[in-house]
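Asker: Generate a structure from the sequence data that follows.
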Amino acid sequence: MPDTEHTVHPPSGLRHVEHVMGTVFSFDIRDEPTPAIHRALADVVRQLHRVDAVFSTYRPDSHISRLDRGDIRLAECPPAVHEVLSLCARVTHDSDGYFSISPAGTLDPSGLVKGWATDAASQLLYDAGARHTCVNGGGDLQLRTSADHSTPWRIGIAHPLRLGELATVITAPHDLAVATSGTAERGAHILDPHHGTPVTAFASLTVVGPRLTMTDAYATAAFARGDGARDWLEVLPGYEALAILPDGRQWRTSGFDQYGA
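Answerer: As a prediction, the model looks like this:
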């Protein structure tokens, strides 16, 4: 989801960029780069490639592709597959079916996997002692903010209709996930699973929440919901959103302004 732009900061700490899962993952670690953090970053990169090998719908030998074809059973897949499919079932239930793992008729949990992998990467770094980090998985971010760090993360959200302009700047005074679904680069690629048609109600929809696994999936579900998204998000505990419509109008959930300028 490329509609989120990471604000540039002066060089410090540790940074890394990895091309994997058909997108770009970037790591911005503002802590002192200890040997444990270096090792954790290397482990994270290896883990992302393992996730790709298991979940890629573009690789015929991936577990998810083989499961979809019926070549293997769920019991023969790594435990991560059961975990992801269980999380997908939860989001499908929470969203009244507007999140789907088979939007085009084939098994595809991609709407949750990238956020889940980004979330897990952030946790591995945290467990190694990194407290002030930004893990960016293809434009969706998991931010960690240490209590003793004086500079909160500030994230610019690109305006989908005005090239080079920002729709808002999100400030993260505490741990926060930011996920944006939009049509700027891929067109109307999110389907309404109840009708199988592309959703055109939004130019972009940004959702913020505590952790990226669910924030990213809820952003996809809300986008697929179209005109009913605002009411659904308004009562979703712990999540706020900013929507920009194709005609340039926008709306925000009632608590979004605590994060967005």
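Asker: CA only for contacts and neighbour counts going forward, please
Answerer: Fine.
Asker: Which stretches in the stretch 51-200 of the chain count as strands?
Answerer: For the stretch 51-200 of the chain, the strands defined by DSSP state E, counting those that start in this stretch cover 133-137, 140-144, 153-158, 166-172, 176-182, 191-192, 197-198.
Asker: Which elements pack onto the third one?
Answerer: Applying 3 or more Cα pairs under 8 Å, 6 or more residues apart in numbering; DSSP states H and E, we find strand 153-158 packed against strand 4-6, strand 166-172.
Asker: Would you agree L166 is in contact with I244?
Answerer: No - applying Cα atoms under 8 Å, one finds L166 not in contact with I244, separated by 11.6 Å.
Asker: So for the two, which residue has more residues nearby?
Answerer: I244 (21 against 17; other Cα atoms under 10 Å).
Asker: wait, what's in contact with that one?
Answerer: For I244, the contact set (Cα atoms under 8 Å, 6 or more residues apart in numbering) comprises 160, 202-205, 250-251.
Asker: let's see 10 Å
Answerer: I244 makes contacts with 159-161, 167, 182, 201-206, 250-252, as judged by Cα atoms under 10 Å, 6 or more residues apart in numbering.
Asker: what about the stretch 151-261 of the chain, any weak spots by pLDDT?
Answerer: In the prediction, the stretch 151-261 of the chain carries residues with pLDDT under 70 at positions 183-188.
Asker: quick one: which helix or strand includes the residue nearest to A117 when sequence neighbours are not counted?
Answerer: Excluding the flanking residues, the one nearest A117 by Cα to Cα, 6 or more residues apart in numbering is L48, at 6.8 Å. Here L48 is covered by helix 35-55, with elements defined by DSSP states H and E.
Asker: what's the spacing between that helix and its chain's center?
Answerer: Helix 35-55 has its C-alpha centroid displaced from the chain centroid by 17 Å (Cα atoms, centre = their mean, to the nearest Å).
Asker: So which bits of it are buried?
Answerer: For helix 35-55, a neighbour-count test (16 or more other Cα atoms under 10 Å) marks 37, 40-41, 44-45, 48, 51-55 as buried.
Asker: on that earlier part again, will you turn the helices and strands packed on strand 153-158 into JSON lines that also has distance to R15?
Answerer: Shown next, in JSON lines, are the helices and strands packed on strand 153-158 (distance: least, Cα to Cα, whole Å):
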{"stretch": "strand 4-6", "distance to R15": "13"}
{"stretch": "strand 166-172", "distance to R15": "19"}
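Asker: just to revisit the earlier point, do you know how far the residue nearest to A117 is from P109?
Answerer: Using Cα to Cα, to the nearest Å, we find L48 at a distance of 16 Å from P109.
Asker: repeat for L143
Answerer: Per Cα to Cα, L143 is found 23 Å from P109.
Asker: Can you pick out the residue with more neighbours from those two?
Answerer: Per other Cα under 10 Å, whichever of L143 and P109 has more neighbours is L143, with 28 against 23.
Asker: hang on, the more buried one packs against A179?
Answerer: No - L143 is beyond contact range of A179, at 11.3 Å (criterion: Cα atoms under 10 Å).
Asker: joint contacts of these two?
Answerer: 136, 212.
Asker: okay, and the common contacts of L166 and I244?
Answerer: Joint contacts of L166 and I244 (Cα under 10 Å, 6+ apart) are 159-160.
Asker: Run through who's touching stretch 80-96.
Answerer: 51, 54-55, 63-64, 67, 74-75, 97-101, 108-113, 116, 194, 213-214, 217-218, 220-222, 224-225, 229, 232-233, 236.
Asker: so how far is it off the chain centroid?
Answerer: 15 Å.
Asker: Same question for stretch 210-219.
Answerer: In this view, stretch 210-219 has its centroid 6 Å away from the chain centroid, taken as Cα atoms, centre = their mean.
Asker: Check stretch 210-221 too.
Answerer: Distance of stretch 210-221 from the chain centroid (Cα atoms, centre = their mean) equals 6 Å.
Asker: How about the contacts made by the residue nearest to T133 when sequence neighbours are not counted?
Answerer: Nearest residue to T133, sequence neighbours excluded (Cα to Cα, 6+ apart): I29, at 4.5 Å. Contact partners of I29, counting by Cα under 10 Å, 6+ apart, are 12-16, 37, 41, 125, 130-135, 144.
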